[in-house]
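S.K.: Have a look; sequence and predicted model below, questions after that.
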2 protein chains.
Amino acid sequence: MFNSEVYVNRRRVLLERMAAMTPEGARGIAVFLGNVDAAMNYRGNDYKFRQDSSFLYYWGIDEPWFAAVLDLDTADECLYGNDVDIDDIIWMGPQPSVASKGGLIGCAKTAPLAQFDKAVSDAVSAGRPVHFLPPARYYNQMKLSELTGIPSSDVRKVAPMADGGRHASEELVKAVVSMRLIKEQCEIEEIDKACELGYLMHTEARRGCKPGVLEQDIVGRMEGVTLSKGWGVSFTTILSQNGETLHNHSHHQIITPGRLLVVDAGAESNTHYASDFTRTYPCSGKFTTKQREIYDIVHQANELAFSITRPGTSYWDVHCATVRYMLEQLKALDFVRGDVDEMVACGISGLFMPHGLGHNMGMDVHDMEDLGENYVGYGDERKRSPLLGMGNLRMARDLKPGHVISDEPGIYFIPALIEQWKREGTDKGFVNYAKLEDYYGFGGIRLEDDVLVTEDGARRLGPHRLPIASSDIEDIMANE
Amino acid sequence: MFNSEVYVNRRRVLLERMAAMTPEGARGIAVFLGNVDAAMNYRGNDYKFRQDSSFLYYWGIDEPWFAAVLDLDTADECLYGNDVDIDDIIWMGPQPSVASKGGLIGCAKTAPLAQFDKAVSDAVSAGRPVHFLPPARYYNQMKLSELTGIPSSDVRKVAPMADGGRHASEELVKAVVSMRLIKEQCEIEEIDKACELGYLMHTEARRGCKPGVLEQDIVGRMEGVTLSKGWGVSFTTILSQNGETLHNHSHHQIITPGRLLVVDAGAESNTHYASDFTRTYPCSGKFTTKQREIYDIVHQANELAFSITRPGTSYWDVHCATVRYMLEQLKALDFVRGDVDEMVACGISGLFMPHGLGHNMGMDVHDMEDLGENYVGYGDERKRSPLLGMGNLRMARDLKPGHVISDEPGIYFIPALIEQWKREGTDKGFVNYAKLEDYYGFGGIRLEDDVLVTEDGARRLGPHRLPIASSDIEDIMANE
């Protein structure tokens, strides 16, 4: 938790931004639902508690069963939660009062949780606009539906409140996105810590990558590191020798010489900021010639993207420049043939990299994805591309100081996708399928760093960068 | 996953048990909802998937977005799930078909998930009874409410279906409990493996218990062990020097000589069976005289409970005999004064042990707690006590071969509870508060093993028992 002024200031700015978007005297209330416990197999046997990120951003309380209301007309605010009884003390220990928790975030008014329900119902009855964010969790979806009378399928739809407001509030989404997108100094410090933790996790993984070891064994060792020093993983670890599957969560294979191991994993700090790194290792400790050729293209693409990331450009353009570079290199290796500009325009790179170059990061590893990817990564600046790869780009905005983004180019050989393109002629004649057939068992390579946009360029986050050059990787693995 | 015959047999027995409880020709259908992904901070960034245990028991499929229907009148059965498309293959890899998954569990009929909704709606429209278990997860609560038209607050209520069935089915709960309560040989083997994993976790914890170490550091190390070799933890690890708080999940303290560290943790195997052990360590490696006196009482209580656990008695009686023993010993140390039988009757032991001696275990660490504690641990045999401690006993049934239960006596000194009893005279004069005042900073001690009821007695589960005798603990800690 930060200093109380941080939260007071954020709520003040939020009021200003909402005021700029909503008519005077009819602004209504903004409601914030914290998360409740999420059952693993039964209620009471819950997953490790994770607070809603926007609740944490404005209200700081990292515990279940809290909610808050900010009155957009009067600037009144109230934090809702229940004080503990003797039974809670026996099982969970003595707890500070809700009033004292309110003090920690500069919120003078607190009340029991049942009064939150009443505050929302009263506003609904009085016909006041009730602004809320689209809920990520099913409990909050049910709860918002109950309190507002809006069908549960509609509470996750986002639209402007001017139309009557039977849905989540676009104004609130835009105001929150505008704030959370630009990281404060205190947040950047926490992301640097999360990145150091990610560095330690990945170091453990690289050391564990030895022939004969079970993939799951490496996963447990690296996740143990972040559980020891942070909250846990910022997303389910991707660790697989089938790296051509982008989000592969199966870890049942034995590390086998000659294959590549993709490790895409990150840590969440105790203050709930995320890191997200990817490295790809040769299982035998040495790259084959084929592997090194592809690896070096991806590595140079990662460096190129970083070198052109700065205010004055957009991540859309950084993505395009990076895939253009990769296509040039793939052409030099005879994977594709023809004019590179035309290939870029046709989206040929999507066959090799069906994902975007990167995404926003913060408290969520894909920051604010629950608020809507287009609000977060595109805004009113540009429209999403329909092309495979480009269309999966999650961050396309003009870059500004304080943006935190991932830089994660990759090249994959996905047999099912190659076969589909071949069958359907999607490649428009640019692809040399004869060459590709030799790469069906290759897997994939992805190399990812976390980057802060600064006043005049960019900085890789975390005190240490994970080794990335193919020769460095080989040297280190030979000595570990 | 077990052999397909295991699942075929379980569904056959379930049909028989349901037939014995429901009228011929109007039995209706039993529906089973698998779990869907549970969002951590946004949908798509999910907690590690955990299947619903009853779904896993009858239908074996350990993946999200599956459901099944068993027709109680015709014995028809169908597994519902969706086959993957090219987009799924890119992100999640190629997957076997739903039909082939049905084959693995001996279910010949499979269909897309949307047809599950239709099957349930059709049964509702036709006025056929729709039996379902009370859902643990909010998504399934919403979904059942949508499909059946029963208010979401009622789908978790359990009652006999004879009254019209606008709630969860007591018949289905009773039939499922009767089966899952008695473990099959293939299940016992899995629990033995989960116990070995728990042994390895706890060994790591004991080795980590050194002055100056952060509690969270030990938690991460032990959880890393189970993530490397199993699914993860079977419940959120309890590890604290404030052991008087029964479920303490704060790990922010430094291990301090003179204190006690309670470690209550268990592993879940990759096949989703749980272990659950507790040990209490002296942070300096040596118990003080005060600590050893209490420790040895708890240890002997654990041994006593195990020695009398066998078919022919009930866990209610084992609990009573164990707390009686603890009160005798506490009387010998002058914590309590007066007639021990009267103290047992008044529930004086609840001040020192506000929880029960143990609970059923299986795929859930508190097995089937989502189906209702009284259905699982009491049945029609006896009624729950209103007393503190005894009232929290989760397993009171007559013991039968195949029961798997925890044996976990404890003694705690909980200042807030002692003060409440003193203020309100709850102790009826039996408690020597002057003596207790010296124990306000003592913490608590709990010692827990996992036990299988056999034909003629009981067996501790797992190939190795964690060291437990105070002298053994001291010897081992001196050499680690």
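M.R.: Okay, I see it.

S.K.: near chain B, which residues of the stretch 251-400 of chain A show up?
M.R.: A:Pro354, A:Met363, A:Asp364, A:Val365, A:His366, A:Met368, A:Glu369, A:Asp370 (C-beta under 8 Å from any C-beta of the partner chain). Where you see a C-beta, it was placed from the backbone N, CA and C, and this is true even at glycine.

S.K.: hmm, 6 Å instead?
M.R.: Residues of the stretch 251-400 of chain A lying near chain B by C-beta under 6 Å from any C-beta of the partner chain: A:Pro354, A:Asp364, A:Glu369, A:Asp370.

S.K.: Equivalent analysis for the stretch 51-200 of chain A, please.
M.R.: Close to chain B, as judged by C-beta under 6 Å from any C-beta, the stretch 51-200 of chain A has residues A:Ser53, A:Ile86, A:Ile89, A:Ile90, A:Trp91, A:Gly93, A:Ala136, A:Arg137, A:Tyr138, A:Tyr139, A:Met142.

S.K.: try 10 Å this time
M.R.: A:51-54, A:56, A:84, A:86-94, A:134-143, A:145-146, A:152-153, A:156 (C-beta under 10 Å from any C-beta of the partner chain).

S.K.: my read is A:Val262 is in a helix, agree?
M.R.: No. Counting by DSSP: H, G, I helix; E, B strand; the rest coil, A:Val262 is not part of a helix but strand.

S.K.: contacting residues for A:Lys422?
M.R.: By C-beta atoms under 10 Å, 6 or more residues apart in numbering or on different chains, the contact set of A:Lys422 is A:Leu351, A:Val431, A:Tyr433, A:Leu436, A:Glu437.

S.K.: can you do 7 Å?
M.R.: A:Tyr433 (C-beta atoms under 7 Å, 6 or more residues apart in numbering or on different chains).

S.K.: Which residue is it, in the stretch 101-250 of chain A, that comes closest to chain B?
M.R.: Nearest residue of the stretch 101-250 of chain A to chain B: A:Gly224, at 1.9 Å (C-beta to the nearest C-beta).

S.K.: now that residue, what's its secondary structure?
M.R.: helix.

S.K.: What residue in chain A is the furthest from its centre?
M.R.: A:Ile86 (39.5 Å; C-alpha atoms, centre = their mean).

S.K.: out of everything not next to it in sequence, what's closest to it?
M.R.: Leaving aside its sequence neighbours, A:Ile86 sits nearest to B:Gln420 (C-beta to C-beta, 6 or more residues apart in numbering or on different chains; 5.7 Å).

S.K.: Just to check, that neighbour is in contact with A:Ile89?
M.R.: No. B:Gln420 is beyond contact range of A:Ile89, at 9.1 Å (criterion: C-beta atoms under 7 Å).

S.K.: where along the stretch 51-200 of chain A do the helices fall?
M.R.: A:53-59, A:86-92, A:98-104, A:114-125, A:138-148, A:170-180, A:185-208 (DSSP state H, counting those that start in this stretch).

S.K.: nearest to B:Asp317, of the ones you listed?
M.R.: helix A:86-92 (24.8 Å; C-beta to C-beta).

S.K.: Which residues does the closest one contact?
M.R.: In contact with helix A:86-92 (C-beta under 7 Å, 6+ apart) are residues B:Thr245, B:Leu246, B:His247, B:Pro354, B:Ile414, B:Ala416, B:Leu417, B:Gln420.

S.K.: Identify those among the residues you listed that sit within helices.
M.R.: Under the assignment DSSP state H, the contacts of helix A:86-92 contribute B:Ala416, B:Leu417, B:Gln420 to helices.

S.K.: ok, now which ones touch the first one?
M.R.: With contacts defined as C-beta under 7 Å, 6+ apart, the neighbours of B:Ala416 are A:Ile86, A:Ile89, A:Pro94.

S.K.: Just say helix, strand or coil for the residue of the stretch 251-400 of chain A found nearest chain B.
M.R.: Residue nearest to chain B within the stretch 251-400 of chain A: A:Asp370 (3.6 Å; C-beta to the nearest C-beta). Of the three states, A:Asp370 takes helix under three-state DSSP.

S.K.: and the residue lying closest to A:Ser284 once chain neighbours are set aside, how many residues sit next to it?
M.R.: Setting aside the residues directly before and after it, A:Ser284 is nearest to A:Pro257 in space (C-beta to C-beta, 6+ apart), at 3.8 Å. By other C-beta atoms under 10 Å in any protein chain shown, the residues close to A:Pro257 number 12.

S.K.: A:Pro257 contacts A:Cys283, doesn't it?
M.R.: Yes. In this structure, A:Pro257 is within contact of A:Cys283 by C-beta under 7 Å, at 5.5 Å.

S.K.: Pull up the overlap in contacts between the two.
M.R.: A:Pro211.

S.K.: dump the residue contacts of the residue nearest to A:Ser284.
M.R.: Contacts of A:Pro257 (C-beta under 7 Å, 6+ apart): A:Pro211, A:Cys283, A:Ser284.

S.K.: Over to A:Asp370?
M.R.: A:Asp370 touches A:Pro134, A:Ala136, B:Tyr42, B:Arg43, counting by C-beta under 7 Å, 6+ apart.

S.K.: among the residues you listed, who's most crowded?
M.R.: Neighbour-wise, the contacts of A:Asp370 (other C-beta under 10 Å) top out at A:Ala136, 25 neighbours.

S.K.: In contact with that one, which residues?
M.R.: By C-beta under 7 Å, 6+ apart, the neighbours of A:Ala136 are A:Asp52, A:Asp370, B:Ala39, B:Asn41, B:Tyr42, B:Arg43.
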